[in-house]
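J.: Give me a model of this one.
(chains A and B)
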2 protein chains.
Amino acid sequence: MVAIITIDIGGTSMRAASYPSTGIQPINRHKISTESPIETVFERLVNLIHVIWPVNHEVAAISVASAGPLNPKTGFIYDAPNIPGWKDFPLGDKLREIFPVPIFIGNDANLAAMGEWKYGNGIDHSDLIFLTISTGIGGGIICNNALMEGHNGLAAELGHITVQPDGLVCSCGKLGHLEALASGPAIVAYVRLSLLSGQTSTLHLDKEFSAYDVALAAKTGDQLAVRAYAHAGFYLGQALASLIHIFNPSIIILGGGVAQSGALLFEPMLEKMYASVMEPSYLQDLEIVPARLGDDAGLLGALALARQKLQNS
Amino acid sequence: MVAIITIDIGGTSMRAASYPSTGIQPINRHKISTESPIETVFERLVNLIHVIWPVNHEVAAISVASAGPLNPKTGFIYDAPNIPGWKDFPLGDKLREIFPVPIFIGNDANLAAMGEWKYGNGIDHSDLIFLTISTGIGGGIICNNALMEGHNGLAAELGHITVQPDGLVCSCGKLGHLEALASGPAIVAYVRLSLLSGQTSTLHLDKEFSAYDVALAAKTGDQLAVRAYAHAGFYLGQALASLIHIFNPSIIILGGGVAQSGALLFEPMLEKMYASVMEPSYLQDLEIVPARLGDDAGLLGALALARQKLQNS
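T.: All right, here's what the predicted structure looks like:
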C-alpha cells in the first residue's frame, strides 16, 4: 500500500495527513501548534512527519503547503513573515536530508487553488481564479489547465495588486495593495479610523474586535460596520474585474474567513465588479462560488500537487 | 513548397504576407487601407488574400491577427470597435467558407506577444508580459510556455486593469482603467485638461496635437508635457507592479508608439514600479525591454500561431 504525506504549515497551526493512492479520505491526520517553546518550527515539522508516517504503507512522497513567498521548484522559502526563522530558509533541501522520498513544496494559497481545482468547487475548469481573504489576501491561478507558478514560483500574490494608488500601507510595506484595503485587518482598521474621526457604532475603540465582530455588528444593523464591509467589497470587486480582464476565467472561488460574511461583502463586491467589466462576454458562464474544502484546502492541494508530480515523473 | 499566409487587420490598415515553411523572411507582402468606399472590410480581406496567395506554393494555413475582443477558438469577433460591421461577426466561419485551408485567428495584441516570444525579444522566456501602448493599451501573456487565452479567448486585456478607482472614463465606458490614464489619448487629455485649468505650455488648446507632439514638447523642456508623461508613467508602473505580483514574469516587453518616448515615460514608470513591488525576488533576473518586431509583430505573431497549430495538429 502506497501513501502520500501532506503538510499544511501556517502561522498558527501545522496540519498533517496521510492519504492512500486514490481518493481524499485520509488514512490519519494530526494538528499541532506551529510554535513551541522547546523546539524550532522545523524540528516540530520533522516530528510531525514521523508521527503521521503511516504503518503498513510505503510513503511515495511528502508534499508541503507552506506560507511564502517561496520557490516551488527548489522548496526555498524567501520569507514567511509569520514563521520564526523562515527567511531564506531551504526547507526543501533540509527535508530531503532527512526523508528518503520525493519532497514537493508549494505556496499555501497556490495549493489551496489546486485543491479546489482537483477536489473542490473548481473541478473541470481550465481557467480558475482562487482568492482567499482572511488576515492576508492570497491567491492561486489555474490557467491553460495548469497551476501558474511564474519564473521563480512567486506568481498569484493577488493581495498585492494595487487598487488605490495613494492607499493605505500594506503588510508588505507598499501602498494601496488589495490586502491593505480588503483583508480582515483592513476591515477592522476602517472601523477604528472611522471611530477615531467621531463616527458612532456599537463597536468601541477601547475594545479589541475582529472582522468577524464587525460582521456580527453589521448583521444587527450597525451602519458603520456595514460600510466597512462595503468598502472592502468595493476594492475586491475592482480587483476581480481587473483579474477577469487579465485571465478571462470560467470560475472564481473565494475562500478565507472574511469571505464567509456572505452578502455583506459579496453584494458591494459584485456591484463594483459588474460596473468595471468592459464587455459582457467576460461574464457569460462565469461562476463565482465559495471555496469548498475549508481548512483542508492546503492538505488536499498538497495531495493534488504530489499526485500530479508523481504521475509526470 | 509550402507557405503560410498571415494577415494583420487594424483600424487603419490591413497587412498581409506569405512565409515559407521556415524562417521569417516573407515570400511577398502587401499593405492596404482597411476601409474603402467600394468594398466591405471583409471583401477587402478576401481580395487581399487572393493577391498575396503565393504562386508555386501550396498554402498550409491562413492565420489572422485581428482587433478584438474575439474568440480565438472559433474566430468569432465579439466587437472590433474600429472595424465597421465587425460586431458579432463570424470571421473564422466566413473565411472557412471561401478558403479550403486551415484558418487560425487571434487577438492582435496576443499575437504580437507571441511574435515577440518566438521571433523577437522574448525568445527562450517561459513567462512573458507584452504590453502595447498607443491609441489603446493592449497586451499578451505567455505563461507556462504557452499563450494565455482564457475561457473564451478574452484574456490579457491589460489596458482594462483598474488603476484609479474614481479615475477618468475609459474608451470602453468604465472608470479608471489603465488605458484611460496612460494611452496616447490619455496623455493628450492630461495636457488639454491642464491647459483648460490655466496651466501654461508650448502646446495650445486651439491646435490639435498628439502624444508624439507632447513628447517633442517635453524634450524641449516643456514642464507640463513632462508631467503628462510622468502621470502616464506612474500608472503604467503601478499596473506593471500588479502584473509582476500576478505573473512573476522573467521579461516585460513594451511596444506601441507611446513606448517609443523613452526615458520620459520609462523613468517615472520604473520608479513607481520599484516602489510598489513587495519583495526583491520578483525583480531578480527581470528584463524590461522594448519590442523588436515593430509593425511586423502582428504578421509574425500570426505566423508563430499557425506554425504552432500545424505542429500540434
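J.: so where do the strands sit in the stretch 51-200 of chain A?
T.: Remark: strands assigned in the stretch 51-200 of chain A by DSSP state E, counting those that start in this stretch are A:58-66, A:70-71, A:76-79, A:87-89, A:103-107, A:128-133, A:137-143, A:146-147.
J.: and the fourth one, is it in reach of chain B?
T.: No - legend: contact between strand A:87-89 and chain B by Cβ under 8 Å from any Cβ of the partner chain is lacking; minimum distance shown is 10.2 Å. The way it works is simple: take the backbone N, C-alpha and C, and place the C-beta from them, glycine included.
J.: Neighbouring strands - and their directions - for that strand?
T.: strand A:76-79 (antiparallel) (DSSP bridges).
J.: what comes into contact with the partner strand?
T.: A:66, A:68-71, A:83, A:86-93, A:154, B:279, B:281 (Cβ atoms under 8 Å, 6 or more residues apart in numbering or on different chains).
J.: Save the strands of the stretch 51-200 of chain A as TSV, and put in mean pLDDT too.
T.: Below are these laid out as TSV (pLDDT from 0 to 100):
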stretch	mean pLDDT
strand A:58-66	97
strand A:70-71	92
strand A:76-79	91
strand A:87-89	94
strand A:103-107	96
strand A:128-133	97
strand A:137-143	96
strand A:146-147	94
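J.: Distance to B:T6 and mean neighbour count added to the ones you listed, as CSV?
T.: What follows is the strands of the stretch 51-200 of chain A, written out as CSV (distance: least, Cβ to Cβ, whole Å; neighbours: other Cβ atoms under 10 Å in any protein chain shown):
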stretch, distance to B:T6, mean neighbour count
strand A:58-66, 45, 23
strand A:70-71, 39, 25
strand A:76-79, 42, 20
strand A:87-89, 48, 13
strand A:103-107, 39, 26
strand A:128-133, 32, 28
strand A:137-143, 26, 29
strand A:146-147, 28, 20
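J.: Now these in TSV, please, with extra columns for distance to B:S242.
T.: Output for the strands of the stretch 51-200 of chain A, formatted as TSV (distance: least, Cβ to Cβ, whole Å):
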stretch	distance to B:S242
strand A:58-66	24
strand A:70-71	21
strand A:76-79	19
strand A:87-89	25
strand A:103-107	18
strand A:128-133	14
strand A:137-143	12
strand A:146-147	20
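J.: nearest to A:I187, of those strands?
T.: strand A:128-133 (9.6 Å; Cβ to Cβ).
J.: okay, that closest one in CSV with CA atoms only?
T.: Output of strand A:128-133 as CSV, limited to C-alpha atoms (Å, rounded to 0.1, in the frame of the first residue of the first chain):
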residue,chain,number,x,y,z
LEU,A,128,-9.7,29.3,-12.5
ILE,A,129,-9.0,32.1,-10.0
PHE,A,130,-8.9,31.3,-6.3
LEU,A,131,-8.8,34.2,-3.8
THR,A,132,-8.5,33.7,-0.1
ILE,A,133,-9.5,36.7,2.1
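J.: where's that strand relative to the chain centroid, distance-wise?
T.: 7 Å (Cα atoms, centre = their mean, to the nearest Å).
J.: Next, the residues that contact it from outside, please.
T.: The contact list for strand A:128-133 (Cβ under 8 Å, 6+ apart) reads A:109, A:112-113, A:116-117, A:122, A:137-143, A:158, A:182-184, A:236, A:240, A:243, A:247, A:249-259, A:291.
J.: if I pick the residue nearest to A:Y212 when sequence neighbours are not counted, what's in contact with it?
T.: Distance criterion Cβ to Cβ, 6 or more residues apart in numbering or on different chains; nearest residue to A:Y212, sequence neighbours excluded, is A:G257 at 6.9 Å. A:G257 sits next to A:I133, A:S134, A:G184, A:A211, A:Y212 when contact means Cβ under 8 Å, 6+ apart.
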